[in-house]
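Engineer: Fold the following and give me the result.
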Amino acid sequence: MSWFKREDGEYSSGAGGPGPDNGPEAGAKNVRTEGLWVKCPGCRQPIYKQDLEVNLLVCPKCQHHFKLSARERIDTLLEPGYTPVDSGLRSTDPLNFTDVKPYKQRLRKARQDTGLDDAILNAVGQMGPHEVVLSAMEYAFIGGSMGAVVGETIARAVDRARETRKPLIVVAASGGARMMEGVVSLMQMAKISTALAQLDDEHVPYICVLTDPTTGGVTASFAMLGDLNIAEPGALIGFAGPRVIEQTIRQKLPEGFQRSEFLLEKGFLDAVVHRHALKAYLIRALNFLAAPAAA
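Structural biologist: Residues are numbered from 1 along each chain as shown. This next block holds a predicted model:
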């Protein structure tokens with residue numbers, strides 16, 4: 001698309017004659033705009049990248065919510081000065097697994113691309129007046145899949161919240177269990193769910209924020225176990241994907257099936273909250289959850 005990138009020799013000074021960009025140094029003089037514009041997958045309109053970043057990666061035209069990284073989630077929700085915790089854990093390759101490429105190679109590539117040890121970050125910090133434990137998943141790390149490290153890191157966040165009696169907030173973004181680790185990945189569902197049951201016994205608040213996408217074993221375990229389950233607009237949330245379901249039941253699914261608004265209507269979610277209002281909503285929810293019970 002020449003609107004995004006001016007091709008060599010495209011400019012002419014009129015009447016078909018040579019222009020200033022048609023000479024031997026045309027390549028050096030051409031204006032390049034690669035990376036400055038992003039096409040919104042919602043409205044298909046071009047957005048100036050800087051405007052998108054200022055708007056918390058929400059399309060200013062159609063309000064489509066782009067994916068945020070785990071670091072961006074933490075920076076967006078916690079006050080400056082938070083403390084990263086539970087870092088340094090790395091997945092091994094218990095099955096010596098290979099599909100299109102070796103699992104070890106996938107792990108190395110994901111670590112290089114994201115700068116993370118795995119698909120999760122934990123932090124302790126202030127959210128308004130509340131000191132909280134926050135766990136944010138990184139979808140860019142092998143689809144945010146939940147292997148041994150993700151499960152252990154979230155379990156540690158749950159234990160930390162229980163021991164310190166600080167509210168726990170988990171931001172889910174995942175394709176589900178990491179099947180390259182086989183049954184080890186599936187065990188994390190039970191491990192985290194058991195830890196959350198202990199947290200509930202201690203009456204420590206737990207809020208889960210479901211983002212696009214939250215699917216598979218993550219949805220089937222901790223993502224739906226919050227005292228409050230909220231989602232961003234338009235997020236894909238479910239166990240199996242829509243295409244798999246349609247092929248299984250051989251029926252056309254309703255419009256918007258498995259999107260957050262559909263799940264809210266059917267009672268699977270407590271709220272759908274725009275990203276701009278998310279932090280304020282969480283603070284208000286914590287005000288209610290932390291209030292002493294009436295006598």
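Engineer: For stretch 191-206, list every residue counted as buried.
Structural biologist: Lys191, Ile192, Ser193, Ala195, Leu196, Leu199, Val204, Pro205, Tyr206 (16 or more other CB atoms under 10 Å). For the C-beta atoms, the positions are set from N, CA and C on the backbone; glycine is no exception.
Engineer: I figured the fifth one was touching Ala157, is that so?
Structural biologist: What it means is Leu196. No. Using CB atoms under 8 Å, Leu196 makes no contact with Ala157, being 10.4 Å away.
Engineer: residues shared between the contacts of these two?
Structural biologist: Common neighbours of Leu196 and Ala157 are not found (criterion: CB atoms under 8 Å, 6 or more residues apart in numbering).
Engineer: so of the buried residues of stretch 191-206, which ones are in helices?
Structural biologist: Lys191, Ile192, Ser193, Ala195, Leu196, Leu199 (DSSP state H).
Engineer: can I get those in CSV with distance to Thr215 and pLDDT?
Structural biologist: CSV is the format used below for these (distance: CB to CB, whole Å; pLDDT from 0 to 100):
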residue, distance to Thr215, pLDDT
Lys191, 19, 98
Ile192, 16, 98
Ser193, 17, 98
Ala195, 21, 98
Leu196, 19, 98
Leu199, 24, 97
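Engineer: Give the pairing partners of the strand or helix carrying Leu121; include direction for each.
Structural biologist: Assigned by DSSP states H and E, Leu121 belongs to strand 120-127. Here strand 120-127 has these sheet partners by DSSP bridges: strand 83-85 (antiparallel), strand 130-137 (antiparallel).
Engineer: Report the two of the buried residues of stretch 191-206 separated the most.
Structural biologist: Farthest pair in the buried residues of stretch 191-206 (CB to CB) is Lys191 and Pro205. Separation: 20.6 Å.
Engineer: and the closest residue to Leu107 other than its chain neighbours, how many neighbours?
Structural biologist: Distances taken as CB to CB, 6 or more residues apart in numbering place Ser91 nearest to Leu107, at 6.0 Å, with adjacent residues excluded. Around Ser91 there are 26 other residues, counting by other CB atoms under 10 Å.
Engineer: can you check Gln50 too?
Structural biologist: Gln50: 10 neighbours (other CB under 10 Å).
Engineer: quick one, phi psi at it?
Structural biologist: phi -70, psi -40 (degrees, to the nearest 10).
Engineer: tell me the contacts of the closest residue to it other than its chain neighbours?
Structural biologist: Take Gln50 and drop its neighbours on the chain: the residue closest to it by CB to CB, 6+ apart is Leu36, 7.9 Å away. The contact partners of Leu36, by CB under 8 Å, 6+ apart, come to Tyr48, Lys49, Gln50.
Engineer: TSV please, covering those and showing distance to Lys101 and pLDDT.
Structural biologist: As requested, these are exported to TSV (distance: CB to CB, whole Å; pLDDT from 0 to 100):
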residue	distance to Lys101	pLDDT
Tyr48	36	94
Lys49	31	93
Gln50	35	93
